[in-house]
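> How does the following fold in three dimensions:
(one chain, ligands or ions: 1)
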Amino acid sequence: MKLVLATHNPGKIREFSQMASGDDIELLPMPDDLDPEETGATFLENAIIKASAAAKATNLPAVADDSGLEIDALEGRPGIRSARYVPGSDADRRLKILEEMSEVPDGKRQAAFVCAMAFCSPDGAVLNTTEQRWHGTIGFEERGQNGFGYDPIFNLIGRDETSAMITNEEKNTLSHRGQAWREMLDFIRSAELPV
Ligand code: IMP
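Have a look, this model is predicted:
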């Protein structure tokens, strides 16, 4: 079955395809000229905007994810603004978080990566949604070279490692995105959609 993944990022297509490797699903990128504006107030609203736009533009079923980091001590920031919390690079945004968190003691540094996902039929109607969280804590410094975004400052629960210190395979089994995509795959398998 052909399914559009509402992204222009080939890395994301690869990651999602690997996790669906046992399924008869071919993931296609969103058309180059389509760039839906993420005007939603929540991760889920943004995922629905992207999936619905990609489905209608291609006349194929489409899935979209929207994700980010929520930090309890910062009242949920950076949240849906994770990718653009401060201008500059991912490293600039990590530094900003480390600065904002510098006085927050151990025990009050809880955070979660959140991933909302929406699946739409070719007419743009929402068929299923899910939202999954990967709980951790914010470190006092960067550690690890893998991953992207906020991974070097996201400490895993019960382990002396950040999400930038584990392999891609392990991250897929633990992460917010991996959990959400597996849940969505269960729905797609059981929904008996037309091929
Ligand atoms: P997107 O919605 O997947 O594009 O992610 C939005 C932003 O959230 C990214 O630019 C990252 O800053 C952050 N983010 C989402 N998922 C992760 C992750 O798995 N590791 C690190 N940062 C993430």
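
> so how far is Ile13 from Gly158?
Going from Gly158 to Ile13 by CB to CB, to the nearest Å gives 32 Å. Just so you know, the C-beta spots here come from the backbone N, C-alpha and C atoms, and that holds for glycine as well.

> Show me which of these two is the more surrounded one.
Per other CB atoms under 10 Å, whichever of Gly158 and Ile13 has more neighbours is Ile13, with 16 against 6.

> what's near enough to touch that one?
The contact partners of Ile13, by CB atoms under 8 Å, 6 or more residues apart in numbering, come to Leu5, Thr7, Leu27, Leu28, Pro29.

> at 6 Å instead, please
Listed by CB atoms under 6 Å, 6 or more residues apart in numbering, the contact partners of Ile13 are Leu5, Leu27, Pro29.

> Number of residues surrounding the last one?
Residues contacting Pro29 under the criterion other CB under 10 Å number 16.

> Buried residues in the helix or strand of the chain with the lowest mean pLDDT, which are they?
Here the helix or strand of the chain ranked lowest by mean pLDDT, DSSP states H and E is helix 10-19, holding a mean of 91. Buried positions in helix 10-19, judged by neighbour count with 16 or more other CB atoms under 10 Å: Lys12, Ile13, Glu15, Phe16, Met19.

> got it, and stretch 137-156?
137-139, 142-144, 147, 149-156.

> How about residues contacting that stretch?
Applying CB under 6 Å, 6+ apart, the contact partners of stretch 137-156 are 69, 71, 90, 94, 101, 109-111, 136, 162-165.

> for stretch 20-40, same thing?
Contacts with stretch 20-40, where a contact means CB under 6 Å, 6+ apart, come from 1-6, 13, 16-17, 46, 49-50, 53-54, 57, 185.

> which SS class is the residue in the chain sticking out farthest from the centre?
Computed with CA atoms, centre = their mean, the residue of the chain farthest from its C-alpha average is Glu103, at 28.3 Å. Secondary structure, DSSP: H, G, I helix; E, B strand; the rest coil: Glu103 is coil.
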